[in-house]
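predicted structure and sequence below. I'll ask about it afterward.
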Amino acid sequence: MATMLDVSIRAGVSKATVSRVLNGTGQVKESTRQQVFKAMEELGYRPNFLARSLANQTSNSIGLVVSTFDGFYFGRLLQQASRQTEAWGKQLIVTDGHDTPEREEEAVQMLADRQCDAIILYTRHMSEKAIMSLINSIAMPLVVINRDVAQARERCVCFEQQEAAFQAVEYLITQGHRDIACMTVPMHTPTGQARLQGYRNALLKHGIEWDPSRVKYGDSTMTRGYELCRELLDEKARFSALFSCNDDMALGASKALHQAGLRIPQDVSLFGFDDAPSAKWLEPGLSTVYLPIDNMITTAIDQAIKLANQQPIETIPPFTGTLVLRESVTTGPFLNKL
């Protein structure tokens, strides 16, 4: 079985340097950290977390609360979180907030009771007041994902959800679409509110009147996307483009459009959000918005460990989305009239 000494020899560094890398303490160059991790992987070295915890009076664990385990989005987040936590030589303890603010708070308290070195909270429901209460009440650092908490910006890692939705809808408008329908994700979440507001802001900027009959309020599932698109068609809502606030509902909508004899994009252009793995396999490929979830969770873990080590931190600018343009969007009827 490989030892810390074996790792230090393979990496060409001192045993003390390997220890600093594993414990996340002291100043170690990134290139040196990567040498150590590579040596650990090559030798199959696994740190003795219990021994290190006793020696350092730390749990050597990072807690992560997610709203739900459903969907590719959280799968990607958990996979990257596991990798990054291991890269710091720590264990990841994950729990489910069951998509309610009460259970999210209970999950944070449970991880605090387990003496995690730091806790990362991905919340879709908790109020800013409740988040601040947790930050001030638990002993270890709390970093919040997907929320911009004005009173604790340095502890937040978030996306520009509203701006990303604005860019998607504005792209449809510049392509000649003015009759644009929208299907939302749950409106009791800040994400749902921000994406709908981005849609509204794009219409407003280009002088397009808000039409409630073109907006359907969804729940993020393919089934609901199918049902809501059917409703739009049954109600004779006029639209040349459909903006879905997530990809799953867009996929459901594509089936409803197909069953109605409408072609994508010749009859209706379709735009999603999140860049799910299935988006590129839709025929035609789904235009969507990519959010760098991998970079976000990596940054959140790094920030949490810095806080746990009482190192100085800086406020992290919000991450931005990128339009992924595929074949599901074509020019609209107003292209030459703008």
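Looks like it came in fine. Numbers count the residues shown, from 1 in each chain.

so residue 235 is in contact with residue 212, correct?
No: assessed by CB atoms under 8 Å, residue 235 is found out of contact with residue 212, at 11.4 Å. All C-beta spots, glycine's among them, are computed from the backbone N, C-alpha and C.

which one's more surrounded, the two?
Neighbour tally, residue 235 and residue 212, criterion other CB atoms under 10 Å: the higher count belongs to residue 235, 10 against 6.

okay, now the residue nearest to that one when sequence neighbours are not counted: neighbour count?
Excluding its sequence neighbours, the residue lying closest to residue 235 (CB to CB, 6 or more residues apart in numbering) is residue 213, at 6.8 Å. Close neighbours of residue 213, defined as other CB under 10 Å, add up to 12.

how close does residue 213 get to residue 332?
For residue 213, the distance to residue 332 equals 19 Å [CB to CB, to the nearest Å].

I'd guess the residue nearest to residue 235 is in a strand, am I close?
No: according to DSSP: H, G, I helix; E, B strand; the rest coil, residue 213 belongs to no strand; its state is helix.

and it, what pLDDT?
With respect to pLDDT, residue 213 scores 96.

contacts only, for residue 265.
Residues near residue 265 by CB atoms under 8 Å, 6 or more residues apart in numbering: 284, 327, 328, 329, 330.

in CSV, list the residues you listed along with distance to residue 119 and neighbour count.
Formatted as CSV, those follow (distance: CB to CB, whole Å; neighbours: other CB atoms under 10 Å):
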residue, distance to residue 119, neighbour count
284, 43, 16
327, 43, 15
328, 39, 24
329, 41, 24
330, 46, 19
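
where exactly do the strands run in the stretch 101-250 of the chain?
118-122, 142-145, 156-157, 180-184, 215-217, 241-244 (DSSP state E, counting those that start in this stretch).

what's in contact with the third one?
In this structure, residues lying in contact with strand 156-157 by CB under 8 Å, 6+ apart are 143-149, 296-297, 299-300, 303, 316, 319.

partners of it in the sheet?
In the sheet containing strand 156-157, the strands it pairs with under DSSP bridges are strand 142-145 (parallel).

one more: the fifth one?
Applying DSSP bridges to the sheet, strand 215-217 is found paired with strand 180-184 (parallel).

now the partner strand, how far from the chain's geometric center?
Distance, stretch centre to chain centre, for strand 180-184: 21 Å (CA atoms, centre = their mean, to the nearest Å).

what is the mean pLDDT for it?
Rounded mean pLDDT across strand 180-184 is 98.

how does this protein divide up, domain by domain?
Using automatic domain parsing, the domain parsing of the chain gives 1-46, 55-158, 161-291+323-337.

residue 228 contacts residue 257, doesn't it?
No: taking contacts as CB under 8 Å, residue 228 lies outside contact range of residue 257: 11.8 Å.

of these two, who's got more company?
Just comparing residue 228 and residue 257: by other CB under 10 Å the higher neighbour count belongs to residue 228, 25 against 21.

what sits against the more buried one?
By CB under 8 Å, 6+ apart, the contact set of residue 228 is 183, 216, 218, 249, 252, 253.

let me see the contact set for the residue positioned nearest the centre of the chain.
When CA atoms, centre = their mean is applied to the chain, the residue found nearest the centroid is residue 293 (4.3 Å). Counting by CB under 8 Å, 6+ apart, residue 293 touches 73, 76, 77, 80.

can you tell me which of these lies nearest to residue 276?
Top of the list for closeness to residue 276, among the contacts of residue 293 and by CB to CB, is residue 73 at 7.6 Å.

I'd assumed that closest one was in a helix, is it?
Yes: counting by three-state DSSP, residue 73 falls inside a helix.

which residue packs closest to it, ignoring adjacent ones?
Among residues not flanking residue 73 along the chain, residue 274 sits closest, at 6.1 Å (CB to CB, 6+ apart).

in what helix or strand does that neighbour lie?
Under the criterion DSSP states H and E, no helix or strand holds residue 274.

residue contacts, it?
The neighbours of residue 274, taking CB under 8 Å, 6+ apart as the test, are 73, 246, 247, 288, 289, 290, 291.

tell me who's in contact with the first one.
Taking CB under 8 Å, 6+ apart as the criterion, residue 73 is in contact with 274, 276, 293.

how far away is the last one from residue 90?
Which is residue 293. Taking CB to CB, one finds residue 293 at 20 Å from residue 90.

could you do the second one as well?
Taken as CB to CB, the spacing of residue 276 relative to residue 90 amounts to 30 Å.

these two: which is more packed in?
Comparing residue 276 with residue 90 by other CB under 10 Å, the one with more neighbours is residue 90, at 27 against 21.

please consider this matter closed, and thank you.
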